[in-house]
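Asker: got a structure for you, letters missing:
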C-alpha cells in the first residue's frame, strides 16, 4: 500500500489553520498516522484530536503525538469526543465514504463545529468513481456542485476552493455565528446556480437588502455568461 506524501497538503493546511485563534481545538478525521496533517497542526501548537478506523494507524498516531487525543473508530460511529471544535479537517477521507454517508458526515461535522468554526475537506471537483491508490478502496466524489448544495443545506459558508500540487481539491468552509442570517452569493466562474460562498447579513455587500423573491439582480450580460458555462466541463485528473 502507498503512503501519503508528507509534502502534499501540509502547506495548504498550515495556511488554512492561520485563520483560527492560537491554541484552537482541531479535529482531524481519518487522521491515519498523523503525517502530514496532524503534524502541521501540532507544530502550530493547536490542540489536536484524531480519529481513524485503523488500530495500526491510530497506534502510530498516539506514539507520534503523545499529547494529542486519539480515538480508534469509523467517522460514522464516532461521537467526536462528545465536544465541539474550533476547526475540523477531513483530508483524503470524504471520497472514501459511501455516497449516502457523505452528507451525514457533513452534518456531523456541522454539529461538532463551534459557531464561527472552520472546516477543510478534500474531494475531487468532478463527480467520479475510482479505486484509491492509497487505500485500495473504491472511492466516490459527489462533485463540486453537489458538495456546495450539501454545505448550503447545513448552513455553511463556503469561503473558497483550491487545488494543490497533488491534485487534491479543497473546500474551505466556515460555520456562521448563531443568529446571523446568510444569503447565497454566486460566481459565474463556477457555473449557473452554484454558490461559492454565502454572505452574512452583517457583511457589507454594498446592498441594503437581498433581492426580492421572484426578482433577479443578475444583469443580462452576466446571465448570458452563466448560460455559456452550462456547456463547459473540466475533468478532474
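Answerer: On my side now, so go ahead. Predicted model only: the values in this text are computed from it and were never measured.

Asker: quick one: contacts for the most centrally placed residue in the chain?
Answerer: Taking C-alpha atoms, centre = their mean, the centroid of the chain lies closest to residue 121, which sits 2.9 Å from it. When contacts are counted by C-beta atoms under 8 Å, 6 or more residues apart in numbering, residue 121 touches 89, 90, 91, 93, 94, 109, 170, 171, 173. Every C-beta, even on glycine, is put in place using the N, C-alpha and C of the backbone.

Asker: gap between the nearest residue to it once chain neighbours are set aside and residue 9?
Answerer: In this structure, residue 121 finds its nearest non-sequential neighbour in residue 90, 3.9 Å apart by C-beta to C-beta, 6 or more residues apart in numbering. Remark: distance between residue 90 and residue 9 (C-beta to C-beta, to the nearest Å) = 12 Å.

Asker: now do the shared contacts for those two.
Answerer: With C-beta under 8 Å, 6+ apart, residue 90 and residue 9 have common neighbours residue 122.

Asker: sorry, back to before: what's the local residue count around the residue nearest to residue 121?
Answerer: 26 (other C-beta atoms under 10 Å).

Asker: tell me the pLDDT at residue 55?
Answerer: At residue 55, the pLDDT value in this model is 98.

Asker: now do residue 208
Answerer: pLDDT, residue 208: 45.

Asker: then the one 4 residues further on?
Answerer: Looking at residue 212, its pLDDT reads 43.

Asker: parallel or antiparallel, list what pairs with the helix or strand residue 51 falls within.
Answerer: Using DSSP states H and E, the element containing residue 51 is strand 47-52. When pairing is defined by DSSP bridges, strand 47-52 lines up against strand 25-29 (parallel), strand 69-72 (parallel).

Asker: my guess is residue 38 contacts residue 28. True?
Answerer: Yes - between residue 38 and residue 28 there is a contact at 4.9 Å, judged by C-beta atoms under 8 Å.

Asker: those two: which has the busier surroundings?
Answerer: The residue with more neighbours, out of residue 38 and residue 28, is residue 28; 30 against 26, by other C-beta under 10 Å.

Asker: for stretch 124-144, buried residues please.
Answerer: Neighbour-count burial for stretch 124-144 flags 124, 125, 126, 127, 139, 140, 141, 142, 143, 144 (criterion: 16 or more other C-beta atoms under 10 Å).

Asker: so where's this protein shaky on pLDDT?
Answerer: Low-confidence segments of the chain, defined by pLDDT under 70: 1-6, 179-237.

Asker: where along the chain do the strands fall?
Answerer: 25-29, 47-52, 69-72, 85-90, 113-122, 127-131, 138-142, 157-163, 169-174, 182-186, 195-200 (DSSP state E).

Asker: so how far is stretch 75-91 from its chain's centroid?
Answerer: Relative to the centre of its chain, stretch 75-91 is centred 13 Å away, using C-alpha atoms, centre = their mean, to the nearest Å.

Asker: which outside residues touch it?
Answerer: 9, 13, 16-17, 20-21, 24-30, 37, 41, 46, 49, 51, 53, 69, 71, 93, 97, 101, 104-105, 108-109, 112-114, 117-122, 168.
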